[in-house]
Structure formats: C-alpha cells, structure tokens
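Novice: the following comprises the amino acid sequence and a computationally predicted model.
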Amino acid sequence: MRKKNFFAGPSVLPVEVLEQLRDQLVDYEGQGLSMIEASHRGGMFEEMYDGCLALFRELLGVPDDYDVYFLGGGATLQFTMIPTNFLLKGRHADYTKTGTWSNKACSDAMKLGDVNVVFDDKAGNYTTLPDPKTLKPSEGSCYMYICANETIGGIEWQEFPDTGDVPLICDMSSDILSRPVDVKKFAMIYGGVQKNLGPAGATFIIMRRDMLERRNEGLTAYMDYGLHAKDKGLYNTPPVFSIWAVKLVLEWIKRNGGAEGMQKRAAEKSKLIYDVIDSSDFFRSPVDPRYRSKMNIVFRLPSEDLEKQFVAESTKAGMLGLKGHRSVGGLRASVYNALPLEDVVALRDFMKEFERKNG
Ligand SMILES: *Cc1c(COP(=O)(O)O)cnc(C)c1O
C-alpha cells in the first residue's frame with residue numbers, strides 16, 4: 001500500500017502520473033525510444049516540451065507578452081540570478097523577509113548589491129505578513145521581491161501588493177497552481193517544480209518580456225535571462241525527465257479542474273486540519289490566521305516530547321513527513337495538489353485520536 005505522503009518537497013505526485021511514467025519509460029508513445037534518452041534538440045523532446053509550456057500557460061493564464069520556460073539549478077539559483085540580472089549598479093531593490101526562503105533570497109541579493117528591506121517579521125518569528133494594500137515599493141527601486149508561500153513557516157500571501165511601475169518578483173515554488181493568480185500583477189514568477197508540479201530538477205520561469213530591457217550588462221551565459229528567453233530554456237541541456245513529468249502533472253491538473261479545481265481541493269483539505277487545530281487547546285497554530293498556508297500546515301503540540309511521539313506514531317500509521325523543518329521544529333503537514341483528500345481525512349482522524357489519548 002502507498003504511504004500517505006506529507007513531505008514538504010520533493011513531495012507527493014499523482015499515482016496516475018507515476019504509472020504513466022512507468023508505462024512510457026522504455027518506449028515513449030510507441031516511438032521506440034525513451035524520452036530520457038532522446039536529444040533535446042528537435043524531435044520528440046521538443047514536441048513534448050512545447051506542449052508542456054503551452055499547457056502551463058493555459059492553466060495559469062499567462063499573457064502573450066510573458067516568456068515561459070524551465071531551467072535547472074532549483075529555486076535557489078534564482079536567488080542569485082534575479083539580482084545578477086535586475087539589481088542595477090547604483091540602484092537598490094526592495095525585499096520582504098517573511099520566512100526562511102525570502103530570507104535566503106534576500107541575503108544572496110545583499111551580496112550582489114543594495115537591498116532595502118521593506119518588511120521583516122524576525123521579532124515575531126515570521127508568523128505574519130505585511131498588509132498587501134499598504135505595502136509600497138520605495139522610490140527608485142529596481143524591483144520588489146516576495147515569496148508567495150513560505151513552505152517552512154506555513155505562511156501564505158492571500159492577496160498581492162500593487163507595486164505600480166516597480167516590477168514585482170515572486171517565488172511561487174510551493175503554491176504554484178494551487179489557486180488562480182493574476183499573472184499580470186507580476187513581472188516574474190518562478191519556482192522549483194518539486195512541490196506542486198513534478199519531480200525535482202526543473203525550475204519554472206515566467207517573465208514579462210520587457211524585463212529583459214532592465215538587465216545588467218556583461219552577464220555570463222547561464223546567468224543571463226536574455227539567452228534563456230531566446231531559446232525557451234534550451235540554451236543548454238534542460239532537466240528532461242523532470243519536465244516530462246511536469247507535463248503529465250499539468251495534464252492531471254487540467255483533468256481535475258485546473259487552477260480553480262486545485263483551489264477548491266486545497267481549501268477543503270486544509271480546512272479539515274485547521275478545524276481540528278482551532279477546535280482544541282491541544283493543537284496550536286503559530287501563524288496569523290489571516291495568512292495561514294493552504295499548502296503547508298504548521299502546528300504545535302503542548303510539548304516537544306508529544307511532538308516526537310506524534311511523529312513516531314504517525315510514521316507507524318503510514319503517514320510520512322509530518323515532522324516540522326529542522327530549523328523551526330514542531331509539526332508540518334504539506335497537503336499539495338496531488339495529495340488525495342482521503343489521506344488528509346486519515347490525518348485528521350489520527351490527530352483527533354492522538355488528542356483523545358494524550359490530551
Ligand atoms: C523548496 C523551496 C525553495 C528552494 O527550492 P530548491 O529547488 O531546492 O532550490 C525556494 N523557495 C521556496 C518557497 C521553496 O518551497
């Protein structure tokens with residue numbers, strides 16, 4: 001029997017997709033060749049890749065004046081590529097520090113240029129977000145940077161700031177396609193695919209084309225978004241396997257109602273767990289209720305010993321990945337798109353039973 005997979009990333013994939021990968025691995029659609037042994041120049045890879053990009057555009061509603069492609073290097077490489085391209089000499093960029101991932105992006109940017117921190121909830125241990133209605137970029141800023149969903153802290157923007165002429169750049173690694181977004185609000189959206197879209201390897205890039213006019217000069221090849229945009233990410237060898245699996249996951253998302261369908265699923269699944277937390281004094285959510293993540297549900301028990309026991313017993317019951325990130329402790333249930341509702345129901349029942357026995 002398959003485990004119930006609450007890992008934060010890499011994470012659960014739809015079983016149908018795993019089965020399709022298995023069935024097609026040796027001979028892709030009867031072409032006598034595996035997708036992962038074909039050249040990435042022309043032929044069956046490019047046909048698959050173009051289909052993948054088109055479907056991604058369709059599901060997210062990406063306007064025509066944006067480029068969409070995949071790179072390697074994970075979301076982490078983007079922490080460097082973004083300031084390398086867009087943090088112009090003698091200017092500055094605005095960063096919001098809302099948890100582990102935006103902090104990492106910010107500290108990389110600080111090594112490359114001037115950064116203005118417009119929000120930092122360090123004192124509150126990253127449990128709340130700035131009000132998107134009043135958050136404004138500073139005068140002369142090259143861009144404003146946010147992380148849509150802090151995977152470790154379990155905190156998620158519900159609405160996004162209006163930054164006017166200042167480009168808004170957003171890490172959507174852990175909530176991409178878990179809800180519809182108005183892509184036009186952003187100059188760039190990016191993320192690793194290994195949370196909501198597929199197996200680790202590929203990084204999605206969605207970038208308004210006019211951003212290329214705002215680049216620094218003299219960039220080395222891989223660091224230059226201009227080269228990647230021109231070649232739709234095929235400047236060098238792309239992470240072929242990951243991209244192929246992403247295409248299958250996108251098809252699965254489409255069959256299951258697209259971004260709206262995923263939003264309904266996420267609301268239903270996360271409510272099951274938050275309702276248990278809110279109806280008890282035994283479980284506690286550290287996150288500002290207005291900004292609770294629908295993907296990564298972080299919660300605490302009355303003691304660390306009980307948390308250890310919870311992890312041990314849930315693992316025995318076939319539920320994996322409920323231990324919180326080592327940097328923050330506690331517990332975390334990641335309930336990404338592909339996680340079946342039944343698995344969340346099982347967790348809810350397990351939580352209630354655990355409280356009955358230990359509360
Ligand atoms: C996982 C994650 C990252 C890091 O992704 P890598 O692909 O491992 O570099 C960055 N940002 C967020 C929000 C994440 O969840």
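Specialist: Arrived safely, thanks for sending. Numbering: from 1, shown residues only.
Novice: tell me the residues of the stretch 101-250 of the chain that contact the ligand?
Specialist: Within reach of the ligand by C-beta under 6 Å from any ligand atom, the stretch 101-250 of the chain has these residues: 101, 147, 151, 171, 173-174, 192, 195. C-betas here are computed from N, CA, C, even on glycine.
Novice: kindly recompute the last result at 5 Å.
Specialist: 101, 151, 171, 173-174, 192 (C-beta under 5 Å from any ligand atom).
Novice: pretty sure residue 333 belongs to a helix, no?
Specialist: No: going by DSSP: H, G, I helix; E, B strand; the rest coil, the assignment for residue 333 is strand, not a helix.
Novice: that one: neighbour count?
Specialist: Under the neighbour criterion other C-beta atoms under 10 Å, residue 333 is assigned a count of 28.
Novice: how near is it to residue 310?
Specialist: 11 Å (C-beta to C-beta, to the nearest Å).
Novice: ok, residue 225 next?
Specialist: 44 Å.
Novice: and the closest residue to residue 324 other than its chain neighbours, what's its pLDDT?
Specialist: Spatially, and ignoring its direct neighbours in sequence, residue 324 is nearest to residue 330 (3.9 Å; C-beta to C-beta, 6 or more residues apart in numbering). With respect to pLDDT, residue 330 scores 96.
Novice: quick one: neighbours of residue 330, just the number.
Specialist: 18.
Novice: was I right to think it contacts residue 287?
Specialist: No: with contact defined as C-beta atoms under 8 Å, residue 330 and residue 287 do not form a contacting pair (10.8 Å).
Novice: tell me where this protein has helices.
Specialist: 15-24, 43-60, 74-86, 100-112, 225-230, 240-255, 258-278, 304-316, 341-358 (DSSP state H).
Novice: out of these, flag the one nearest residue 157.
Specialist: Closest to residue 157 of the helices of the chain is helix 100-112 (C-beta to C-beta; 10.8 Å).
Novice: show me what that closest one is packed against.
Specialist: helix 74-86, strand 92-97, strand 114-120, strand 141-147, strand 149-150, strand 168-171 (3 or more C-beta pairs under 8 Å, 6 or more residues apart in numbering; DSSP states H and E).
Novice: can you tell me which of these is most buried?
Specialist: Per residue and on average, the most neighbours among the helices and strands packed on helix 100-112 fall to strand 149-150, with a mean of 28 (mean count of other C-beta atoms under 10 Å).
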